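Visitor: Return atomic coordinates for the entry below.
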Amino acid sequence: MANLREIQRRMSSIKSTMQITRTMEMISTARIRRALRRAEEATPYKDAITHMLANVASAGFDDSQPLLQKHLTEKNVLFILIASDRGLAGGFNLTPEREVERQAAELEKKGIASEVITCGRKPTEYFSYRKHRPAMSFVGISSEPTQDEAERIASYVMDGYSQHRFDRVEILYWHAKNRVDQTMVAEQLLPLTQDLMMPNQPRTPEALSAVGHTLYPDYTFEPSAQEVLGYLIPAYIRTVIFHALLDSAAAEHGARRRAMQSATDNAKEVLSSLSRTYNRERQGAITTELTEIIGGASALEEN
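Guide: Residues are numbered from 1 along each chain as shown. Model (predicted):
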């Protein structure tokens with residue numbers, strides 16, 4: 001009977017866990033719709049400013065612009081890692097964290113330093129625990145990113161690159177392809193090149209290779225294409241970062257929904273297995289009791 005009580009306790013615990021995972025799955029399912037809508041609504045603006053920047057750059061790609069200059073030597077690399085405040089989302093947090101850690105280790109072997117900006121409590125705790133204190137960190141708003149967050153990151157990035165505090169900027173995040181699938185994106189943010197200024201989301205090498213280079217018509221710029229470019233580049237950087245934050249928020253809900261669905265399915269399988277075990281044990285206990293009763297009755301009859 002002790003074994004039966006233990007199985008019952010396990011079954012009760014699994015049922016409680018299954019209720020939690022099913023509830024979290026339903027919450028993520030509801031939230032992903034709004035998150036995807038926010039990302040989709042921001043995409044036309046991002047594409048428009050990217051087209052505009054590409055047009056202006058084709059008319060006057062000015063290497064004197066600090067954000068367009070490629071530094072002669074690479075001494076420091078900045079990573080912008082966008083993840084989540086919460087766990088229970090499969091490899092949503094751990095995969096990009098380990099990717100940044102791997103790239104930082106490779107750079108260190110070459111004598112190149114690295115910094116990281118973390119968006120989300122999980123990556124902040126991950127790197128802080130490993131004595132790699134983030135240059136900037138944002139917690140508590142991974143599922144509802146704000147424009148202010150993007151502007152603060154963009155200001156730090158542009159000032160640092162212009163002042164040669166770092167020589168390359170990489171951004172890593174999860175792209176929500178749809179409500180089910182997510183793919184990790186690692187792309188160069190700075191220095192800007194004409195190839196990077198393409199209206200693709202995400203701007204992976206495969207996506208860039210599939211885009212034809214368009215010869216834009218001649219425009220007359222007032223005061224000059226170079227000066228217009230100087231106004232457009234900061235707006236473009238802020239837009240790319242903000243869109244990545246929105247995209248990551250949608251991917252987070254999708255990843256958590258899938259993880260919780262998988263956890264619920266696994267709990268059902270374990271519960272079914274325990275139920276079969278419980279029934280076998282109970283049947284065995286009943287058979288043993290009946291055998292003992294029949295044996296006792298037979299002994300009494302003999303006496």
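Visitor: and residue 15, how far is that from residue 4?
Guide: Look at residue 15 and residue 4: by C-beta to C-beta, to the nearest Å, they are 16 Å apart. Where you see a C-beta, it was placed from the backbone N, CA and C, and this is true even at glycine.
Visitor: okay, those two: which has more neighbours?
Guide: residue 4 (14 against 11; other C-beta atoms under 10 Å).
Visitor: any idea how far that one is from residue 57?
Guide: 74 Å.
Visitor: Which parts of this structure are strands?
Guide: Counting by DSSP state E, the chain has strands at residues 76-82, 113-119, 136-138, 168-176, 182-190.
Visitor: Least confident of those, on average?
Guide: Lowest mean pLDDT within the strands of the chain: strand 182-190, a mean of 88.
Visitor: Show me which residues of that strand are buried.
Guide: Neighbour-count burial for strand 182-190, counted by 16 or more other C-beta atoms under 10 Å, picks out 182, 185, 186, 187, 189, 190.
Visitor: who's the first one bridged to?
Guide: Legend: beta-bridge partners of residue 182 under DSSP bridges are residue 176.
Visitor: so who does it touch?
Guide: Neighbouring residues of residue 182 by C-beta atoms under 8 Å, 6 or more residues apart in numbering: 92, 174, 175, 176, 251, 254, 255.
Visitor: wait, doesn't the third one sit right on residue 186?
Guide: Going back to what we said before, that points to residue 175. No. Here residue 175 lies out of contact with residue 186, judged by C-beta atoms under 8 Å, at a distance of 10.6 Å.
Visitor: ok so, going back, and which of the buried residues of strand 182-190 is nearest residue 269?
Guide: Set against residue 269, the nearest of the buried residues of strand 182-190 by C-beta to C-beta is residue 182 (24.6 Å).
Visitor: those helices in the stretch 51-200 of the chain, which residues are they?
Guide: Applying DSSP state H, counting those that start in this stretch to the stretch 51-200 of the chain gives helices spanning 94-109, 121-129, 147-162.
Visitor: Which one of those lies nearest to residue 246?
Guide: Comparing the helices of the stretch 51-200 of the chain against residue 246 with C-beta to C-beta, the closest turns out to be helix 147-162 (9.2 Å).
Visitor: partner residues bridging residue 116?
Guide: Counting by DSSP bridges, the residues bridging with residue 116 are residue 79.
Visitor: ok now do it, which residues does it touch?
Guide: 78, 79, 80, 81, 100, 104, 123, 127, 132, 134, 135.
Visitor: Around the first one, how many other residues sit close by?
Guide: Put plainly, it is residue 78. Using other C-beta under 10 Å, residue 78 has 24 other residues around it.
Visitor: which ones are touching the nearest residue to it once chain neighbours are set aside?
Guide: Spatial nearest neighbour of residue 78, chain neighbours left out: residue 166 (4.3 Å); criterion: C-beta to C-beta, 6 or more residues apart in numbering. Residue 166 sits next to 75, 76, 77, 78, 115, 160 when contact means C-beta under 8 Å, 6+ apart.
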